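Visitor: Give the three-dimensional model of this entry:
(chains A and B, ligands or ions: 1)
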Amino acid sequence: MRDVLTIGGKELTNRLFLGTGKFPAKSIIPKVIKNSETQVVTVAIRRVDLNGEQENILNYIDKDCILMPNTSGARTAEEAVRIAHIARAAGCGNWIKIEVINDNKYLLPDNYETIKATEILAKEDFVVLPYVSPDLMVAKALVNAGAAAVMPLGAPIGSNRGLKTKELIRILIDEIDLPIIVDAGIGKPSQAAEAMEMGADAVLVNTAIATADDPIKMAAAFNFAVKAGRLAYLAGPGAEKIHGEASSPLTGFLR
Amino acid sequence: MTFYEKILELEHFDLKKSWNSITDKIVQKAIHKYTLNTLDFLALLSPAAEKYIEEMAQIAHKLTLQNFGKVIFLYTPMYLSNYCVNSCAYCGFNAKNKILRRTLTLEEVEVESKIIAETGLRHILILTGESRAHANLDYLLACVNILKKYFTSISIEVYPMDKKEYQQLIKAGVDGITIYQETYNRSRYDQVHLAGPKKDYRYRLEAPERAGEAGMRSINIGALLGLADWRFDAYYTGLHAKYLQDKYPGAEISISLPRLRPHVGSFQPVNMASDKDLVQTMLALRLFLPRVGITISTRERAEFRDNLVRLGVTKMSAGSCTEVGGHSQNHSSAGQFKISDERSVTQVKEAILNKGYQPVLKDWQYI
Ligand code: SF4
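Guide: Numbering: from 1, shown residues only, chains lettered A, B, ... in the order given. Okay, here's the model as predicted:
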């Protein structure tokens, strides 16, 4: 059976999403996309310069990829909505990753404003992918608001600290019927594999690839890791044992 | 508590004595902490920390990569007017200086904008001296209206204003403010600001707070290193940035590290910050405030600027000219200070790419 992830009516066979900020040059992005085999690429609308041929990031993204513009820089739901409108007017399709951050110290998302923006944009037929701190009640509200997926953070943006919120994300995976895409915090391929093994539907990586010494190679490494993690999840890993004991020290008497 | 009140409190604290009491062990501990407090920051600025500069650089480099990536944001200044009623001892626009003065007409602003926009730059910083008679709020609003057609981010570096005025500018399309306290040392401030409204230390100091209250998106502060003890001003700048970051978490706070440059007039710095001092300041700031932007202008030499790329700088000016109308006309007025890096925008972009970084010309969008 083909293993596909469906979001907004699109079927994806690759589960690594790519962020485009932070790269040492725009010119390497096509190679990074090729090596990561990604099908979904996010761009910050604040960075898109439609008037500059060389400077326009969109010119470096494979036309076969799904563009997922994001609302980076929005501090309120209202600003996120306005940025989404700019994205649509610029011809960036109808996917939108909502980022509402009113905290420049930790870059933690404002879940409340994110729900509001999701509700408004889902009604306007956007495919809405909100970026949030993992929280079950928030995720449920996002389902009701019409989100197409939920993107919980593994750790603060750019921190490369890995899956610090693992237990909370695990709850979302168990309880929420939308795709769960782990966004932010993943610093190494092994951490991406860990998220996929746990049952995440996809991961989004930017900093860890963009700031590697060789981003093109690192893109390939993440591609393999995400695939391996997904395969392991589908294969159903054996239950983890806390202690490696052969017998049953507590219930052996029942025999 | 406003930052002014904080300063009054801090003045009881003997910084020189503290710096001399910092040991290697304190410095080492501070360098490797995940979250640094103000005392750790103080330690990193100490003479004892000088020999740990490479160790600090390694961490600063990593933190900058994580938080900003391999990118450098570019902008250029546009001088609108060099009329000034102040007499700042260190500045070429000083009211006492007999220089050619002018204010750009709105037509000239349009011409300048066109020429700058052709370089691909989308972020502009507009500057004036302090003379409401020659560049009042209405004039600035009219300029912003023109600039909006060419640029996606407009910052102002003008005289300090009231919250209401900042609100009007924001509504018109301004998203950033740059205002330097020049020096946080109050007595030195009084000495070098010989006359004019700028003598009011507190009104200037609290301008970033008024801008923050007004909802300004980015706030850039700084001290003119060399006016007073650089260590003192570096420390206060860091505390000021932290104060603003805590109070206005929605604003992007950044710090400029300008050093005194030669100009018309004869003012000499009392305490020139060396290249090494500037680097130590930048590294200490990065470790203390990993998310704060750091700006280096063309006051610095090209080669030195290029070397700073890997140490924590996030923003640079390019293709700068400190003369009014300098982007489109030749020497029609005097400049504010001498620039050292005279490379074109294309050349600066190339140099940044050669360092393995991406020059970013657009990082904001008027919404
Ligand atoms: S520093 Fe500013 S206020 Fe002072 S003289 Fe120069 S232009 Fe005028």
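
Visitor: residue of chain A with the smallest distance to chain B?
Guide: A:Lys22 (2.2 Å; Cβ to the nearest Cβ). Where C-beta positions appear, they are placed from N, C-alpha and C, glycine not excepted.

Visitor: these two touch, right, that residue and B:Thr64?
Guide: No - at 10.6 Å, A:Lys22 does not count as touching B:Thr64 under the criterion of Cβ atoms under 8 Å.

Visitor: still on that earlier bit, give me the neighbour count for the residue of chain A closest to chain B.
Guide: 22 (other Cβ atoms under 10 Å in any protein chain shown).

Visitor: Angles on the backbone of B:Asp175, please.
Guide: phi -120, psi -10 (degrees, to the nearest 10).

Visitor: Count the neighbours of it for me.
Guide: For B:Asp175, the count of nearby residues is 22 (other Cβ under 10 Å).

Visitor: nearest residue to it other than its sequence neighbours?
Guide: Counting by Cβ to Cβ, 6 or more residues apart in numbering or on different chains, B:Asp175 lies nearest to B:Arg217, which is 4.3 Å off, once chain neighbours are set aside.

Visitor: repeat for B:Leu127
Guide: Nearest non-adjacent residue to B:Leu127, counting by Cβ to Cβ, 6+ apart: B:Glu157, 4.5 Å away.

Visitor: Could you tell me how far that neighbour is located from B:Glu165?
Guide: Separation of B:Glu157 from B:Glu165 (Cβ to Cβ, to the nearest Å) stands at 15 Å.

Visitor: tell me how far the helix or strand hosting A:Ala141 is from the chain's mean position?
Guide: Using DSSP states H and E, A:Ala141 maps to helix A:136-145. Distance of helix A:136-145 from its chain centroid, counting by Cα atoms, centre = their mean, to the nearest Å, is 17 Å.

Visitor: Now it: buried residues?
Guide: Neighbour-count burial for helix A:136-145 flags A:Val138, A:Ala139, A:Ala141, A:Leu142, A:Ala145 (criterion: 16 or more other Cβ atoms under 10 Å in any protein chain shown).

Visitor: what about the helix or strand following that helix, average pLDDT?
Guide: Next in sequence after helix A:136-145, counting helices and strands by DSSP H and E, comes strand A:151-152. The average of the pLDDT scores along strand A:151-152 is 96.

Visitor: Which strand or helix spans A:Lys97?
Guide: strand A:95-98.

Visitor: hmm, that strand in reach of chain B?
Guide: No - judged by Cβ under 8 Å from any Cβ of the partner chain, strand A:95-98 makes no contact with chain B; its nearest approach is 14.0 Å.

Visitor: And the helix or strand following that strand, what's buried?
Guide: Helices and strands here follow DSSP H and E; after strand A:95-98, the next one along the chain is helix A:111-123. Buried positions in helix A:111-123, judged by neighbour count with 16+ other Cβ under 10 Å: A:Asn111, A:Glu113, A:Thr114, A:Ile115, A:Lys116, A:Ala117, A:Thr118, A:Glu119, A:Ile120, A:Leu121, A:Ala122.

Visitor: Where does the closest residue to the ligand within the stretch 201-350 of chain B sit: helix, strand or coil?
Guide: Using Cβ to the nearest ligand atom, the point where the stretch 201-350 of chain B gets nearest to the ligand is B:Gln336, with a distance of 6.4 Å. Three-state assignment for B:Gln336 (DSSP: H, G, I helix; E, B strand; the rest coil): coil.

Visitor: Tell me the spacing between it and B:Gln191.
Guide: Distance of B:Gln336 to B:Gln191, given as Cβ to Cβ: 20 Å.

Visitor: The two - which one has more neighbours?
Guide: Higher neighbour count among B:Gln336 and B:Gln191: B:Gln336, with 24 against 14, using other Cβ under 10 Å.

Visitor: follow-up on the earlier one: got the CA positions of the helix holding A:Ala141 in CSV?
Guide: Listed next in CSV are the C-alpha coordinates belonging to helix A:136-145 (Å, rounded to 0.1, in the frame of the first residue of the first chain):
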residue,chain,number,x,y,z
LEU,A,136,-4.4,19.4,23.7
MET,A,137,-7.1,21.9,24.3
VAL,A,138,-5.6,24.3,21.7
ALA,A,139,-5.3,21.5,19.2
LYS,A,140,-9.0,20.6,19.7
ALA,A,141,-9.9,24.3,19.2
LEU,A,142,-7.9,24.3,16.0
VAL,A,143,-9.8,21.3,14.7
ASN,A,144,-13.0,23.1,15.3
ALA,A,145,-11.6,26.2,13.7
